[in-house]
Every structure is written in C-alpha cells, then in structure tokens.
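Give me coordinates for this.
(2 chains)
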Amino acid sequence: MSGLEFFKVESTENGGDKYEQIATAVLQDHNLLSIVEGLYLYIDPSKPLFAAAGVIRPPRSAITVSDVGNVLIEEETKATIAVGSETYLAPMLKMLWDRLGHDNVDQPDRFTALINGVTIPKDLKDWVVIDPSESLFKDLIYAVQVIAPEGFKVRRESYGKNRFSYAASENSLPENEAKEILTRAFAEIEEGLV
Amino acid sequence: MTIVPVTYKGGLYQLDEVIDYIEDLGGFIVQRHNIASEVVLQILMPAEDIEGLRTFSRPLAGEVLETPLVGTEIAVVIPSLEIHHLPHSACDVAEYLRSHGSKSNMLGMARGFGRRIAQMNDEERDLINEHDAAVFILGNFASCIGTKFPKFRSGITVPIILTGGPSREALEAVTDPPVEGYVGNLGRFMHRTQTEEDISRLDAVIEEVERVIDARRKELAEDPLSLSPARLQALLQQKIPEIEDILAPAPVAVQLTGLRPKLPYGGYAQRIRDLEIENGVKVGDVCDVKKSRMRDYILIRIKPLSETNIVV
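Reported below is the predicted structural model:
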C-alpha cells in the first residue's frame, strides 16, 4: 500500500513543519495512510485558522454475502451459507436478521449460517454486508480533528466523491478566506497528483 | 549532614540487609517498587554514606544511582486531557519524570484549550501550587504560547518549567517575566518517544527540572525545615498503620517541603497533628496539616526553622 503522494503544510508561522509529523502519525494510527492520496494543511495561528483539504483513493468495494461465504440455495425456502471468512460474520448475521427476520436465520455452528422458512431471494449472494466507504469520511474528519490544534472548536467540514475538506477556528470562521484557501489547496493537490 | 536523593536497584537476595544498612546510617526509604524479581528503592540518605552503600551492595550486584528528583512531586500540566496531548507527549514526559525518581501527577485543565479562550480555575491553580514544580507542556507556535501562557501562570507560586515546540530562545522571548526553566523543541507530537532524538528531548526536560529543583533545594537550605519530610514519612508509617492499607502507588507522596498522605482529612488530620516526634514536640507544632485540593487527602507543609525555632 502506498502512502501520501502529495502532502504539503503551509503555515504563516514557524512550527508548521511539526504538523507533517503529526499528520503522518495520526493518519497511520487511524489506518488511513493508504486511503488518503493527497493532503494539504493550512495553519495561521494569528487569525486563527486551520484548513485541511484532502483527496482519497477509490475506497474498497462493498463486502457482499458471497465475500463472507458460499451461498447454497437448497430449496425455495432453505439456504445454507458456508462461512469462509469470519471477519464480517457478525455484521452479515445482523443484516440477515434485520432483513429476513430473527426466527428465520440461525447459526448452528461457527462456520454455518442457515436460512429457513422464508423465500430465498435470488440475489442473496449480492446483498451488501458492509460498505467501508460509508464510515470512511467520518473516520477521515475525526482524524483531521485530531491533527488540528485542539482549541479550534468552530469548524466546518464537507466531504463528497473523492475529496474532503475541513476548516476550523477558535473565533467565527472567516468563511470566504477558508473557501479561497481550500480551492487553492485542491488545485495544488490535483496538480501535484497528475 | 546533607541528605541526598539516590536510587538503589537490586535483587531480592539479602534486600533486608540493604534496607537495614540504609536505615542504620540515618537514611529513609521514600518509595519501594517491586518489579518482578528486581526491587527499586528511592532513598534519601546522608551524602557521605553513599559510597559505603555502593561498596556494601556491590557483592549483591546492586546499583546505586544519584537521582536528584527523588522526594519531589511534580505537576505535568497540559491544556486539556484531549487526545491532542495524550498519550504523547504528556504521558511520555510524566513517565520519564517518574523513571527518574520523581512522583509526577498529570493535570489537564477543564477549559485550557485554545489561545483566546484558554482559562484556568482556582482549583486547578491550587492543585498545581501543592507541587514542588510545574512542567507546562504547550504547543508548537510561539505566538500561541505567548498569548496563552500568561493566563496559566497567573497565581502559580511554584517554580515553572515551560516546554514548547519553538526553540528555548523563542520561548524566553515570549515569556515576561521569565520563568524558572525552559525546554524548547518539544511541543505537540503524536508518536511514541522511542528514537534517540525523542529521548534526548525528554532528557533535556529532566535536566532542566533537575536544575530547577536543585536551585529550590539550595533556597530551602538557607532557611532549613524544622523536620525532614522523609523522617516525617517514616514517623507516619510507624504510627499510623492504616497507611499500609492505602491502595495508591505512593501512599505517602514526599515533597521538598512536606508530604501528601493519601488518608481522609476528616478522620486523620487531628491524629497526625497530635503525633509526638520527640521530647514532647508534636507534628502540629512544626507543620501545617491542611486539606489537600486533591480528593480528600491531607497535605502537610513543614514550617521552616525561622518560624518555629526548633529542628527535630
């Protein structure tokens, strides 16, 4: 897994260089170093203003029932899932209980899940167990909060497609200035990643 | 007779004899740590007998180290207890101070974050003032430290060691009036201190704290205490057996000018005041036994000779 391909810290005061180390350590601790492709941090302690713009790599695809185990449809109302990987077993059972009913889904032993007494949907093996991209941006924003100076409680964050941004201050957020900085930051990241 | 702080590290074999040797020479064991089959003793003992202890413990493979921070309680002050400071760098500094013999307490303020909005309340200030020194761990920007630090230092009467990301000179430039000690190039970091460079920064903190504590000891020597804190600790341990039941790692924390027994104030303060030290002199005659701001503990402040005209 590769790390950050573009990383820049812009600071109006000496001391900004320490944020390179802080950001790398935080992203590594949160297992996000392989997800984030480009990151731009802007720090102005005198205003004060902290802004972060980031671009991520395409997230991993969703985990489906067939990723957890082999689906064997025995009858119209009976199917067996032979669990291959236990990593997502608990969320899969939870999803099946929610969608098919607790009484109809059973786990007789560690590696078997049985569905009985309900019409088995044809596309059962394609049902999504977990979508890692759903929680990814929340994790990213949390990581940026940890990177940002702690007193910067007034904040604005946004995420969508493959990019996220975060601006924070101790006082009212200078919105236009933050927007300008983030636009410039994204332009630099995209230029740097080409 | 000058009492100096040392640490003894050795095995369990013939440990009783080492302890007897220390106590026979007028030394006091401030704290004892049992780590697997090794024992670490933090001792205050006469300077002229340290060489004797070294010779005595050599056949037992014991090690005697001079650790100036033994017998001190130091506050490691951080702006808040948020993830921004914990576990790195605050815990690393506190733990390093502990490994050098000091009893360190970490103190994060309820509303200490930010530069304009940073505040310190009375309880926090009083708690810091109950220590021998306070190490302030601040961030990476000189302008932030310059704005924020005056709000924290106001009312602090114990020596302050200011640490931060900028260089020592930059820290000195933003502090007016100056504080007792400075350590630069530390600041906020989020990784474990394990490289040689990181450790050398922690060593710089220890060096500065030792220098400040040394200066404080010299200052105290000009008007000595009426009673040695270590002797008072030994007396309390002898006369109040309930101390044995305290589960805190340091049931009686020794300071430069007093003690903090972790006993409830209501039940024990008067009992401590009434304890006789020798020849009818009671603890209450030479000490102030006060309520600590830390939980319901007791704080004993030993009065100087100039106030009591007695040395026991």
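
Would you state the helices of chain A in chain order?
Per DSSP state H, chain A carries helices over the ranges A:18-29, A:65-68, A:89-100, A:132-147, A:175-193.

Mean pLDDT for those - can I get that in TSV?
Putting the helices of chain A into TSV (pLDDT from 0 to 100) gives the following:
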stretch	mean pLDDT
helix A:18-29	94
helix A:65-68	94
helix A:89-100	95
helix A:132-147	89
helix A:175-193	95
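
Which of those sits closest to chain B?
When the helices of chain A are compared by Cβ to the nearest Cβ, helix A:18-29 sits nearest chain B, at 4.1 Å. Backbone N, C-alpha and C define where each C-beta goes, glycine included.

Show me what counts as buried in the closest one.
By neighbour count on 16 or more other Cβ atoms under 10 Å in any protein chain shown, the buried set for helix A:18-29 is A:18-19, A:22-27.

which of the residues you listed come close to chain B?
Filtering those for neighbours of chain B using Cβ under 8 Å from any Cβ of the partner chain leaves A:18-19, A:22, A:25-26.

which one of the residues you listed sits closest to residue A:40?
residue A:19 (11.2 Å; Cβ to Cβ).

The residue nearest to that closest one when sequence neighbours are not counted: neighbour count?
Counting by Cβ to Cβ, 6 or more residues apart in numbering or on different chains, residue A:9 is the residue found nearest to residue A:19 once chain neighbours are left out, at 4.9 Å. By other Cβ atoms under 10 Å in any protein chain shown, 18 other residues sit near residue A:9.

sorry, back to before: looking at the buried residues of helix A:18-29, which two lie furthest apart in space?
Spatial extent of the buried residues of helix A:18-29 (Cβ to Cβ) is set by the pair A:18 and A:27 at 15.1 Å.

quick one: the residue positioned nearest the centre of chain B and chain A, what's the gap?
When Cα atoms, centre = their mean is applied to chain B, the residue found nearest the centroid is residue B:73 (1.7 Å). From residue B:73 over to chain A the distance is 27 Å, taken as Cβ to the nearest Cβ, to the nearest Å.

what residues are up against the closest residue to chain A within the stretch 201-312 of chain B?
Taking Cβ to the nearest Cβ as the measure, the point where the stretch 201-312 of chain B comes nearest chain A is residue B:201, at 12.2 Å. By Cβ atoms under 8 Å, 6 or more residues apart in numbering or on different chains, the contact list for residue B:201 reads B:183, B:185-186, B:193.

try 6 Å this time
By Cβ atoms under 6 Å, 6 or more residues apart in numbering or on different chains, the contact set of residue B:201 is residue B:186.

measure the residue of chain A found nearest chain B to residue B:290 for me?
Here chain A gets closest to chain B at one residue, residue A:151, 2.6 Å apart by Cβ to the nearest Cβ. Per Cβ to Cβ, to the nearest Å, residue A:151 is found 34 Å from residue B:290.

more neighbours, these two?
Between residue A:151 and residue B:290, counted using other Cβ under 10 Å, the more crowded position is residue A:151 (26 against 14).

Pretty sure the more buried one sits against residue B:114.
Yes - using Cβ atoms under 6 Å, residue A:151 makes contact with residue B:114 at a distance of 2.6 Å.

hey, what's in contact with both of those two?
Residues touching both residue A:151 and residue B:114 by Cβ under 6 Å, 6+ apart: residue A:170.

so the residue of chain A most remote from its centre bridges to which residues?
Most distant from the centre of chain A: residue A:75, at 38.4 Å, with distances by Cα atoms, centre = their mean. Residue A:75 has these beta-bridge partners by DSSP bridges: residue A:78.

ok, now residue A:168?
residue A:50, residue A:155.

Equivalent analysis for residue B:183, please.
For residue B:183, the beta-bridge partners under DSSP bridges are residue B:163.

Spit out the contact partners of it.
Contact analysis of residue B:183 by Cβ under 6 Å, 6+ apart lists B:163, B:204-205, B:208.

And the pLDDT for it?
Note for residue B:183: predicted pLDDT of 97.

Flag every residue of chain A that's near chain B.
Counting by Cβ under 6 Å from any Cβ of the partner chain, chain A comes close to chain B at A:13, A:15, A:18, A:22, A:25-26, A:45-46, A:146, A:150-151, A:170.

Identify the residue nearest the most centrally placed residue in chain A in space, chain neighbours excluded?
For chain A, the residue nearest the mean C-alpha position is residue A:136 (0.8 Å; Cα atoms, centre = their mean). In this structure, residue A:136 finds its nearest non-sequential neighbour in residue A:59, 5.4 Å apart by Cβ to Cβ, 6+ apart.

In stretch A:41-53, which residues are buried?
For stretch A:41-53, the neighbour count (16+ other Cβ under 10 Å) marks A:41-45, A:48-53 as buried.

Farthest pair within the residues you listed?
The most widely separated members of the buried residues of stretch A:41-53 are A:45 and A:53, with 18.7 Å between them, by Cβ to Cβ.

Just the endpoints, please. Distance across stretch B:83-90?
Taking Cα to Cα, to the nearest Å, stretch B:83-90 runs 10 Å from one end to the other.

Quick one: neighbours of residue A:166, just the number.
When neighbours are defined as other Cβ under 10 Å, residue A:166 has 25 of them.

Pull the number of nearby residues for the residue of chain B found nearest chain A.
Of all residues in chain B, residue B:114 sits closest to chain A, at 2.6 Å by Cβ to the nearest Cβ. Neighbour count of residue B:114, defined by other Cβ under 10 Å: 22.

Against residue A:152, how distant is it?
For residue B:114, the distance to residue A:152 equals 7 Å [Cβ to Cβ].

if I look at those two, which residues touch both of them?
Common neighbours of residue B:114 and residue A:152 (Cβ under 6 Å, 6+ apart) are residue A:170.

Buried residues in stretch A:156-173, which are they?
By neighbour count with 16+ other Cβ under 10 Å, stretch A:156-173 contains the buried residues A:157, A:159, A:163-170, A:173.
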